[in-house]
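Q: generate coordinates for the sequence data below:
(3 chains)
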Amino acid sequence: MRPFTFERAKTPADAAAAAARHPDAKFIAGGTNLLDLMKLQIETPAHLIDVNGLGLEKIEATQEGGLRIGALVRNADLAAHHRVRRDYGVLSRALVAGASGQLRNMATTAGNLLQRTRCPYFYDTNQPCNKRLPGSGCGAIGGFSRPHAVIGVSDACIATHPSDMAVAMRVLDATVETINPDGSARKIPIAKLHCLPGDTPHIETVLMPGELITGVTLPKPVGGKHIYHKVRDRSSFAFALVSVAAIVQPDGTGRVALGGVAPKPWRVEEAEAELPRGAKVFTARLLAGARPTPENAFKLRLVERIVASVLAEAKGAQV
Amino acid sequence: MHNPENAESPRGATDLTRREFLIAGTATVALTGCMGLGTKSATEMKPQQAAATRVSFHVNGKPCQLELDNRTTLLDALRERLHLTGSKKGCDQGQCGACTVMVGDRRVVSCLTLAVMHEGSLITTIEGLGTPEHLHPMQTAFVKHDGYQCGYCTPGQICSAVAMLREIKAGMPSHVTSDLTAQPKLTADELRERMSGNICRCGAYSNIAEAITEIAGRTA
Amino acid sequence: MKFDMPATTNPIDQLKVIGKATERIDGPLKTTGTAPYAYERHDVAVNQAYGYIVGAAVAKGRIESMDLTAAKAAPGVIAIVTAENAGQLDKGNLNTAKLLGGPAVDHYHQAIALVVAETFEQARSAAHLIHVDYERAKGAFDLAIAKNSSTPPKPGFGGPPDSAVGDFVGAFESAPFQFDATYTTPDQSHAMMEPHASIAAWNGDKLTVWTSNQMIAWSVGDMAKTLGIPKENVRLISPYVGGGFGGKLFLRADALLAALGARAANRPVKVALQRALMMNNTTHRPATIQRLRLGATKEGKLTAIAHESWSGDLPGGSPETAVSQTRLLYAGANRMTAMRLAVLDLPEGNAMRAPGEAPGMMALEIAMDEMAEKLGLDPIEFRILNDTQVAPDNPAKPPSSDPQSKAPEEKHYPHPPFSQRRLTECFRTGAERFGWNKRNPVPGKSREGHWLMGIGVAAAFRNNLVMKSAARVRLDNKGVVTVETDMTDIGTGSYTIIAQTAAEMMGVALHQVVVRLGDSDFPVSCGSGGQWGGNSSTSGVYAACMKLREAVAQKLGFDSTKAVFADGQVRDGGRSTPLAQAAGESGLVMEDAMEYGDLDKKYQQSTFGAHFVEVAVHASTGETRVRRMLAVCAAGRILNPKSARSQVIGAMTMGMGAALMEELTVDKRHGFFVNHDLAGYEVPVHADVPHQEVIFLDETDPISSPMKAKGVGELGICGVAAAIANAIYNATGVRVRDYPITLDKLIDRLPEVA
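A: From the prediction side, this is the model:
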């Protein structure tokens, strides 16, 4: 870990100003991903701005009937919030499917959205990785790629986004709220937050340097059956091979997003019109253009099987 | 420090450049590396005085004030500065749970948090739960049910178990909670799922579950 | 004391302490975090500095240059150790690759430097400033290819590479039922929770290392050899070991580099392997390719058995002896086994819990299940039909190069009887308890909601080894008995069974016994490995206690052959004297070792069991979850049923990992294990493990030792993975022969999802 200076910010404006003063700074909240990467010198901030004192841990109802989640709400608290459990079950389910009890007590809403890939070549600084060192190559292509992405990938990178929470937020049409070092604020639909790798896999989100997530807003609940089906090799404390976040309405329409298959939560709104026609047709649209490796091609079949199972479960529960 | 193989094919690995990479990888060409690729080059890095910060928190009820290298994790502060070595370093990556302590009444992995982020925190470690002469009931139950073997994950398991039972009591849901809106039940499945952040390679899980079940029954 | 005749009645048979389910005497320390592990010894040396290891970035090649300038100038750095400045270093007898690489690099993450600094943070930071240029060399990393150039290995722990009885080829060709299949097992990692860690301190030319090690004497020897100093100048102390499973049998880089770092820094240095280095830096269980051929009559009698195994290792390394059990487990007049070793430039392969049998049983016991189905026989009945009371194939063992080996020339017994063999009873008992008769033999027919249900069985088999082991026992004037031996407790419960042994022998209460372990100043024990530790180390304590009993009797004027030691008293006839009285002011100290004759040659000593497993396989996703597990074990006298049971459930858990998730993934281009942390290399977590049941058959084995005990810690892992594989087949009708059985190997062959 490189030496760094450290300050505790008191307000969002404080934090923004600090970021403006220190171009090499990083915000730290839960620390569960950043510190891991700093130990390996994959992240090397010269300055850390501790944002835990910003007072962003509230969950409040919005005037539109939705929910505003503060950036610092811990994953455990978000999953346990009565409104989330009642109205946004898919989010609660996704959260408790992720990480461990300890990590969910630490990890924050904003940090979870911004966590970096768990690709082992990204983590091993002896190996080439275009995300870590642009231009060095991709170790996973032609190497170990079983856990990697099958869609949205490029010749430069096939890493997945590891979050469960973000997949549920994608299916809930969440909006991410930020402030910039100059004090200006903006709202980013979650669909637009994460970038596909293309030729620039080191650029993972549309956030500008020093831009700080202050909260996430969920629109009014849409009802329906909320399901989060996560598949992994061991029963718990593992990243998804594939996960499916779904909200299915009694008439068979609905929304589906995938985790574990792409560099960002994967959802194709246009494909959802096919949902009532069943898993095969829908999945074919959802995963059109997929480019799996021989090691992870099973994910395509797995997605279809999980979607089928989710649709059956939704139907069964509504009878 | 750049990989000369990549200098030959700098961007956008096509199939052809991949093959070149492979050939280069198995031939005796010079490869530059340190720990490693993707970190800033050695010459770029000026030796720099490690910045330090003063922090005050309570550990097991006792106030302590430390001047710490900012890079010090809470785990290393406990083990190396305060000599509270009950919290274990199993991976230092948040992947094993051996370093579990409680901050307030919440269990956390102390390897993935900086000590200087804990100004004012109330921290409880395994040493704060009981002593060999006066065991905490959870510690007694672990001994009784042989809920450990090598003992290295054990303090983390016990801290995690104590805090986990509070989480159930507080109504926090888990991955195996069938009704999200109901109070979670104290079932074996619930305990196992919630304890899954604490790896025991000796495989004492079945016994640990029995130890926790005994205490859970008592506190339910 | 020599054990060369079967045991008769002895003080252990009183079973006042031995054989009772006993809480571990080290429990209060371990559960309160006060048991001191190696890296935590702030108390043993002042002014400790911190070492951080740099691992090689290539699998094979040479270091062309190493620039230490920036690292040396970094804050807090005291010294940097490399092969260039470490002085002349030899290689340990038990190490395949050098522990400090350079200029040649033998495997990925081989240690090439140690940075010593005032703090851990400074050492870690400076380590990243070391700049290394490598010349990368071509290496062999793919067993499936290297197999073609494999050769017969030197005979070792697993016996000779080849064995043959009768005419396998002829018998197989003429067998009415034939079976031929190939199985693979992957590289696996011990992944013990405590990383390899050491603190080293020099006092003049004397070195003391507080470390985490299973085999103290082996590692003292290899430390001395590597440094080129007399053994007498090396002291190793390892009272608590946070798991080993074979991964801490040897001197490793943490200990050597701590010693070198302490010499360079001129002060004590502590080093722990960072987790991300462990999988490639240390040893692992090597992958195997195994071919099984079975021929049988239509009644199900095996007439031909062949087992061939291929594995790889660095030059000078050893094979995974996966055919061992096949020489002994089932009858059959015509048979052959063969082990072949390929050179691979992957990290060093070596022993992991039940080397040989663990991966060997993974293949053999699926093959038995497949053959039973082919024959239309119940898999348990098929195994019972081919049970044997004599070793079917016991090839002559050539002189061993093992440092602990005894006389090179031994009489050869081609078909020794088993000292005890109750395999059939294990199956019958387990079948009854588990409800085997409720299993539908037709696969894919049982379902609970989304889950396909299946039940599987496999034999458990692991040889019992006996090893010379010494101890020192001291009696003080308060009647406290102190046992000292360099035996280690790696979670196995050594502290407690040794205390139980001394308490039983000397007739004192358990709390009157103090046990001190893991210090090379103590008499040399058998150490912890090969499931020999429990039986052999307590036998050494037995020998020392016999001597102490004689000394006590003599001192008190009793006839030692008649004196009864009980309740803190020594009695004979009407006379009774407190034991403490014999100690006098200075106490009584006795030391002895247990050595073995040829009973382990005249008799085949093995441990047996049967594993029963019920699995649920998700009909849509192919995820396998284990619902129930039962192991029935016949392993001689069980010294402490509580900790022995824990050993078995722990082994069952590790076997579950082997069946369902554990695999070090090889990057075959660059020659390293890619998933080198605990998120990438998955081991079972709480949620994977159901309640586990263990039954020990009531058994004593007087052939093995005066304790009449055998090992259980490795028996428990042997066969589990195959039982799970067989249960998955029973649930789904899908036969997977390549471990681990992950969902991607199942889903294409599962029924369509409605």
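Q: what's the spacing between C:Asp254 and chain B?
A: 13 Å (Cβ to the nearest Cβ, to the nearest Å). In this view, the C-beta of every residue, glycine as well, is placed from N, C-alpha and C.
Q: quick one: secondary structure of that residue?
A: Look at C:Asp254: counting by DSSP: H, G, I helix; E, B strand; the rest coil, its state is helix.
Q: neighbours of it, just the number please.
A: Counted with other Cβ atoms under 10 Å in any protein chain shown, the neighbours of C:Asp254 add up to 34.
Q: what pLDDT does it get?
A: C:Asp254 is assigned a predicted lDDT (pLDDT) of 98.
Q: report the separation between it and C:Ala722.
A: 35 Å (Cβ to Cβ, to the nearest Å).
Q: do the same with C:Ala104
A: C:Ala104 sits 40 Å away from C:Ala722, going by Cβ to Cβ.
Q: so these two - more neighbours on which side?
A: Legend: neighbour count by other Cβ under 10 Å for C:Ala104 and C:Ala722, higher for C:Ala722 (31 against 15).
Q: ok, now which ones touch residue 197?
A: Picking chain A for this. Counting by Cβ atoms under 8 Å, 6 or more residues apart in numbering or on different chains, A:Pro197 makes contact with A:Asn130, A:Lys131, A:Gly152, A:Val153, A:Ser154, A:Ala156, A:Cys157, A:Ile158, A:Ala159, A:Pro263.
Q: meant chain B, my bad for not saying
A: Going by Cβ under 8 Å, 6+ apart, B:Gly197 touches A:Ala99, A:Ser100, A:Gly101, A:Gln102, A:Leu103, A:Phe237, B:Gly97, B:Thr100, B:Val109, B:Ser160, C:Val685.
Q: could you report the neighbour count for the residue lying closest to the fifth one once chain neighbours are set aside?
A: Read it as A:Leu103. Once flanking residues are discounted, A:Leu103 sits nearest to A:Thr32: 5.4 Å by Cβ to Cβ, 6 or more residues apart in numbering or on different chains. For A:Thr32, the count of nearby residues is 26 (other Cβ under 10 Å).
Q: same question for A:Gly198.
A: A:Gly198, neighbours per other Cβ under 10 Å, totals 15.
Q: what helix or strand does it sit in?
A: Remark: A:Gly198 resides in no helix or strand, with elements defined by DSSP states H and E.
Q: tell me the buried residues in stretch A:60-75?
A: A:Gly66, A:Leu67, A:Arg68, A:Ile69, A:Gly70, A:Ala71, A:Leu72, A:Val73, A:Arg74, A:Asn75 (16 or more other Cβ atoms under 10 Å in any protein chain shown).
Q: now do the same for the residue of chain C positioned farthest from its centre: its pLDDT.
A: Largest separation from the mean C-alpha position in chain C: C:Gly574, at 48.9 Å (Cα atoms, centre = their mean). Note on C:Gly574: pLDDT of 89.
Q: next, it: phi, psi?
A: Backbone torsions of C:Gly574, given as degrees, to the nearest 10, read phi -90, psi -10.
Q: next, C:Ala201: secondary structure please.
A: From three-state DSSP, the assignment for C:Ala201 is strand.
Q: C:Val712 should be in a helix, yeah?
A: No - per three-state DSSP, C:Val712 lies outside any helix segment and is coil.
Q: need the contact list for it.
A: C:Val712 sits next to C:Gln531, C:Gly534, C:Thr607, C:Cys633, C:Ala635, C:Ile638, C:Ala644, C:Gln647, C:Val648, C:Phe696 when contact means Cβ under 8 Å, 6+ apart.
Q: what's the burial count for the fourth one?
A: Applying other Cβ under 10 Å, we find 29 residues neighbouring C:Cys633.
Q: what does the stretch 101-250 of chain C put close to chain A?
A: With Cβ under 8 Å from any Cβ of the partner chain as the criterion, the stretch 101-250 of chain C meets chain A at residues C:Glu121, C:Arg124, C:Ser125, C:His128.
Q: is it possible to export these to JSON lines including neighbour count, pLDDT and secondary structure?
A: Shown next, in JSON lines, are these (neighbours: other Cβ atoms under 10 Å in any protein chain shown; pLDDT from 0 to 100; DSSP: H, G, I helix; E, B strand; the rest coil):
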{"residue": "C:Glu121", "neighbour count": "25", "pLDDT": "98", "secondary structure": "helix"}
{"residue": "C:Arg124", "neighbour count": "21", "pLDDT": "98", "secondary structure": "helix"}
{"residue": "C:Ser125", "neighbour count": "29", "pLDDT": "98", "secondary structure": "helix"}
{"residue": "C:His128", "neighbour count": "27", "pLDDT": "98", "secondary structure": "coil"}
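Q: return the residues in contact with the residue in chain B positioned nearest to chain C.
A: Per Cβ to the nearest Cβ, B:Gly86 is where chain B lies closest to chain C, at 2.1 Å. By Cβ under 8 Å, 6+ apart, the contact list for B:Gly86 reads B:Thr125, B:Ile126, B:Glu127, B:Pro155, C:Thr32, C:Gly33, C:Thr34.
Q: mind running it again at 10 Å?
A: By Cβ atoms under 10 Å, 6 or more residues apart in numbering or on different chains, the residues touching B:Gly86 are B:60, B:78-79, B:101, B:125-129, B:154-156, B:158-159, C:30-35, C:40.
Q: biggest helix in chain A by residues?
A: For chain A, the helix with the greatest residue count under DSSP state H is helix A:298-318.
Q: what residues of that one count as buried?
A: For helix A:298-318, burial by neighbour count (16+ other Cβ under 10 Å) applies to A:298-311, A:313-314.
Q: same check, this time on stretch A:286-297
A: With burial defined by 16+ other Cβ under 10 Å, the residues of stretch A:286-297 counted as buried are A:Leu286, A:Leu287, A:Ala290, A:Pro292, A:Thr293, A:Glu295, A:Asn296, A:Ala297.
Q: with stretch C:360-377 instead?
A: Those would be C:360-373, C:375, C:377, for stretch C:360-377 by 16+ other Cβ under 10 Å.
Q: that concludes my questions; thank you for your assistance.
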